[in-house]
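Q: please find the sequence and the predicted model below.
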Amino acid sequence: MFQTLTGVWKAKDLRKRLLFTLMILAVYRIGVVIPVPGVNASALQAIANKSAVVGLLNTFSGGALNQFSIFSMSIYPYVTASIIVQLLQMGVVPIWEDWSKEGETGRAKLTQWTRYLTVFLGLIQSVALTYSFSRELGTGFIADPTIWTFALIAITLTSGTTFLMWLGEQITDKGVGNGISVIIFLSILSRLETVIPQIYTSWFYAHPDQLFLNIIKVVILLAIVLALVVFVVFVQQGVRRIPVQYTQKQVGNKVYAGQSSFLPFKVNAAGVIPVIFASSLLFFPTIVAQFFRGHPWSDWVTNNFSPTSWIYAVVEFVLIVAFTFFYTHVQLNPSQLAENMQKNAGYILGIRPGKATEEYLIRIMNRLSLIGGLFLAVVSVIPLVFVGITGLTTVAFYFGGTSLLIVVGVAIDTMRQLEGQMLQRSYRGFIR
């Protein structure tokens, strides 16, 4: 890893991309502390400590929600919009399905619609958050609760999310890694400063007579986290290699000899995207329910879609597995793989080219998706176990489950991209 980072810093173009990414992330962190006008952010501290949903949202926003800053909603309206667009282009909206097959031009049109939907969802979520907090805190939250104040707050929050979406796109185009994932990665890491004081206050300061027992607890906690990180890295790096044989072929006057190769299928080809998708969708019912507080169904949703409830864990488990299957097929596209192999005179040993190859690849992908989906889902529900062991909700959701998967997964994917860039530079130098 250190060798790769050293090589990136020495390469002028890669160093520029890395510095550009750091500059964008610095802009993001500055925005986290810029408050929304007309709001008393200090009044939110009590809610953040009591509500698991608010606490988890605050973790994923890098502490922006706690300060009710312009980035309080983080990038999640964009993530939700991306999910909706990807689902609707799978045969639901015919014109979107046609665009998805048009290459770069079609993707640009879908991206534009994703942006429109992001603004729409951002407005809904901003109004819901503001309305919910104002009902909970009364005049202590908004000094002048008029419709114009609510409109100003909603526009400010939506603009912050839209700007954050643009920052993520700039990182993807001109920086290092996937911009949206990198922003969420930094948001989670930035909350580490709140975890250590909470452990000290709840264990060491509250029980000074149990010093030895508290030290053992910390050691066990760190050992579990280390074991989880090793397990996540092991599965994320796992690859199933499918041997492919290419027959001899003639192109013009040249004859190319047959050769052997393989198709690398990752055990978890979807990465951390299913986890981000599932957590984003599960926030939405709670946000909508805030408009109807006092109704029985609204109270049921608020209580049972808390990250500390087993109903939330079961629904998250199912969604992660389902999104893993969906996103793996979107990423790999077995039909296109089988078609490209046939065009290049390639075949899998023992499998006929064409439809039989496609069906074989689908079977392999389904098996790997099941393993990868179960892996992601099991690790994601681990915070419930952490809550039972430590009794600290913030610590549980920082060290376990979704947060850990995102941090480790994004770090691995970013390092893999940097290594790929360095490898391309080596090839170009060899050709020269």
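A: Perfect, I can see it now.

Q: endpoints of stretch 126-145, how far apart?
A: This stretch, stretch 126-145, spans 15 Å end to end (C-alpha to C-alpha, to the nearest Å).

Q: now do that stretch: distance to the chain's middle.
A: 29 Å (C-alpha atoms, centre = their mean, to the nearest Å).

Q: stretch 235-249 too?
A: Computed by C-alpha atoms, centre = their mean, the chain-centroid distance of stretch 235-249 equals 28 Å.

Q: again, but for stretch 402-419
A: 10 Å.

Q: could you dump that stretch to PDB, C-alpha only?
A: C-alpha atoms of stretch 402-419 as PDB (Å, rounded to 0.1, in the frame of the first residue of the first chain):
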ATOM      1  CA  THR A 402     -22.600  -0.900   7.500                       C
ATOM      2  CA  SER A 403     -19.900   1.700   8.600                       C
ATOM      3  CA  LEU A 404     -17.200  -1.000   8.600                       C
ATOM      4  CA  LEU A 405     -18.200  -2.400   5.200                       C
ATOM      5  CA  ILE A 406     -18.200   1.000   3.600                       C
ATOM      6  CA  VAL A 407     -14.800   2.100   5.100                       C
ATOM      7  CA  VAL A 408     -13.000  -1.100   4.200                       C
ATOM      8  CA  GLY A 409     -14.700  -1.600   0.900                       C
ATOM      9  CA  VAL A 410     -14.100   2.000  -0.400                       C
ATOM     10  CA  ALA A 411     -10.400   1.800   0.800                       C
ATOM     11  CA  ILE A 412      -9.900  -1.400  -1.100                       C
ATOM     12  CA  ASP A 413     -11.600  -0.200  -4.300                       C
ATOM     13  CA  THR A 414      -9.700   3.100  -4.200                       C
ATOM     14  CA  MET A 415      -6.300   1.400  -3.700                       C
ATOM     15  CA  ARG A 416      -7.200  -1.000  -6.500                       C
ATOM     16  CA  GLN A 417      -7.800   1.900  -8.800                       C
ATOM     17  CA  LEU A 418      -4.500   3.500  -7.900                       C
ATOM     18  CA  GLU A 419      -2.700   0.300  -8.500                       C
END
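
Q: quick one: average confidence on that stretch?
A: Stretch 402-419 carries an average pLDDT of 79.

Q: can you check stretch 186-197 too?
A: For stretch 186-197, mean pLDDT rounds to 77.

Q: burial count for I220?
A: By the criterion of other C-beta atoms under 10 Å, I220 has 12 neighbours. Using the backbone N, CA and C atoms, a C-beta is placed for each residue, glycine as well.

Q: and what of V232?
A: Neighbours of V232 (other C-beta under 10 Å): 21.

Q: residues contacting it?
A: 379, 404-405, 408-409 (C-beta atoms under 8 Å, 6 or more residues apart in numbering).

Q: let's see it at 6 Å
A: The neighbours of V232, taking C-beta atoms under 6 Å, 6 or more residues apart in numbering as the test, are V408.

Q: all set now, cheers.
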